[in-house]
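S.K.: my questions concern the predicted model and sequence given below.
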Amino acid sequence: MTERQKRTGVPQMRRFHRLALAALTTLGVASLTAVPTGPASATSSSNSPITIALITSETGPGGAVYGDAPQGFLARIALQNAEGGVNGHKIVPLVIDDQTSPTEVATAVQEAIAKGSLGIVSVSPVFFLAAKYPQQAGLPVTGGFFDGPEWGEQPYTNMFASDAGSVDPKYPVDTVFSSFIKAHGGTVLGSYAYGISPTSVQGAVGASDGFKSQGGSVGVLDTSIPFGSVAFTPEALVAKQKGINAVFTAMDGNSNVALATALEQAGVKPKVTVFPTGFSPSLVNSPAWSNVQGDYFVAEFRPAQLPDAGTEQLTGALQKYEHRPPSEFYDYGIVEAWLGADLMLKGIGLAGADPTSAAVIHDLRNLKSYDGNGLLPQSIDYSSIFGHDPAKTCLWYLQAKKSGFVPVSSQPWCGHDIPGTSVAGVTG
């Protein structure tokens with residue numbers, strides 16, 4: 001049994017096997033969100049272990065993106081425990097694989113509740129199908145907003161997206177993608193989404209509507225792609241017929257690469273291609289890397305290629321506790337899980353010496369500023385964001401080059417809401 005199996009009781013994930021670099025020396029800096037560590041001499045009644053669960057898609061179609069998410073979750077908890085836990089409480093991690101399954105995700109959530117989890121971190125594209133269970137049980141949920149609109153809908157006030165902040169599910173169309181595409185020469189857009197995923201469809205439609213508002217035209221809007229698909233020959237032929245010279249996808253990395261490959265084989269040469277997912281070291285080291293040269297990838301969080309205290313602490317914790325060398329920079333799934341754990345730890349710390357789920361929910365709902373130690377491009381005010389929309393959306397763009405991912409700028413690219421628009425009613 002591996003060390004991780006001993007700690008979590010779940011199968012060992014595929015790890016990267018590359019030469020480890022020298023250990024970073026940044027682990028001694030202040031805790032990410034100033035979580036109280038409490039005295040070491042706390043009494044047994046006030047220092048009992050606290051379990052928090054991560055529900056993610058280690059296997060199934062989502063495994064390509066979220067398979068290594070537990071590394072971020074486990075590293076963040078290990079770092080906190082090394083600092084004394086939270087108010088003297090040791091944090092016990094529980095990792096559950098929902099297999100990217102509409103039925104297994106419900107089982108996973110119910111397992112987390114049955115095993116006494118104080119809260120749940122969700123890094124799963126299918127969590128929306130089981131969100132009612134922690135809501136009914138009164139458990140706080142942190143994690144990624146990417147699965148569905150419930151994070152900003154009633155009655156899910158127990159949910160706190162640590163990436164976007166539980167925003168209005170009817171959010172307006174934003175220009176953060178379309179303005180970038182236009183600025184880099186795109187005039188005819190092809191936009192693609194998974195039919196089963198509400199947020200995927202909303203993303204593709206929103207990018208298309210935003211692009212039209214920028215004066216561009218939409219040659220293809222395909223929101224019927226099967227989840228996890230890697231077969232895009234028909235779509236590539238249609239793209240060629242429609243004369244698209246810009247591509248946007250709201251799909252996972254494996255689908256992005258397959259689409260790029262199919263487009264190249266069909267002779268389609270876009271001026272600009274934007275992939276919101278797929279930014280990962282595994283892509284750089286894969287045969288598919290040659291097929292995405294020149295394409296742009298989005299980092300929703302500050303990338304390791306732009307180091308600061310927050311990125312170095314995350315990178316150092318991954319190396320120390322999960323044996324992931326800095327050369328294997330963190331990807332989307334890892335940082336989603338890291339921030340989900342970080343925000344949950346923040347809530348537990350705010351809830352006092354003997355925290356309850358209800359207290360964590362109450363205190364997180366009154367948290368006015370959270371930026372994950374600079375990993376987020378802008379701060380979140382949880383006291384006001386629920387059911388609303390931030391004034392602007394910011395992301396980092398990186399271009400695929402032979403040497404690796406190269407940031408377009410040291411500053412994130414920001415877009416603005418388009419007045420009078422909404423993604424309301426757009427579903428998979």
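M.R.: All right, it came through fine.

S.K.: quick check, residue 220 in a helix?
M.R.: No - going by DSSP: H, G, I helix; E, B strand; the rest coil, the assignment for residue 220 is strand, not a helix.

S.K.: and it, what are its bridge partners?
M.R.: Beta-bridge pairing for residue 220 (DSSP bridges): residue 190.

S.K.: helices or strands next to the host helix or strand of residue 73 in the packing?
M.R.: Element membership for residue 73, per DSSP states H and E: helix 69-82. Packing contacts for helix 69-82, counted by 3 or more CB pairs under 8 Å, 6 or more residues apart in numbering; DSSP states H and E, involve helix 3-8, strand 50-56, strand 91-97, strand 119-123, helix 309-322, helix 332-350. The C-beta positions use only the backbone N, C-alpha and C, and glycine is treated the same way.

S.K.: okay, the ones you listed in TSV with distance to residue 287 and mean pLDDT next?
M.R.: Output for the helices and strands packed on helix 69-82, formatted as TSV (distance: least, CB to CB, whole Å; pLDDT from 0 to 100):
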stretch	distance to residue 287	mean pLDDT
helix 3-8	28	34
strand 50-56	27	98
strand 91-97	27	98
strand 119-123	27	98
helix 309-322	26	97
helix 332-350	21	97
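
S.K.: let me have these in JSON lines, extended by distance to residue 293.
M.R.: Listed next are these as JSON lines, based on distance: least, CB to CB, whole Å:
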{"stretch": "helix 3-8", "distance to residue 293": "35"}
{"stretch": "strand 50-56", "distance to residue 293": "30"}
{"stretch": "strand 91-97", "distance to residue 293": "34"}
{"stretch": "strand 119-123", "distance to residue 293": "29"}
{"stretch": "helix 309-322", "distance to residue 293": "25"}
{"stretch": "helix 332-350", "distance to residue 293": "20"}
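
S.K.: just those: most buried one?
M.R.: Most buried of the helices and strands packed on helix 69-82, by mean neighbour count (mean count of other CB atoms under 10 Å): strand 119-123, with a mean of 33.

S.K.: give the contact list for the nearest residue to residue 410 once chain neighbours are set aside.
M.R.: Spatial nearest neighbour of residue 410, excluding adjacent residues (CB to CB, 6 or more residues apart in numbering): residue 306 at 5.8 Å. Applying CB atoms under 8 Å, 6 or more residues apart in numbering to residue 306 gives the contacts 396, 407, 410.

S.K.: filter those residues down to the buried ones and hand me the ChimeraX line.
M.R.: One line in ChimeraX is enough to select the buried ones among these; burial here means 16 or more other CB atoms under 10 Å:
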select :396,407
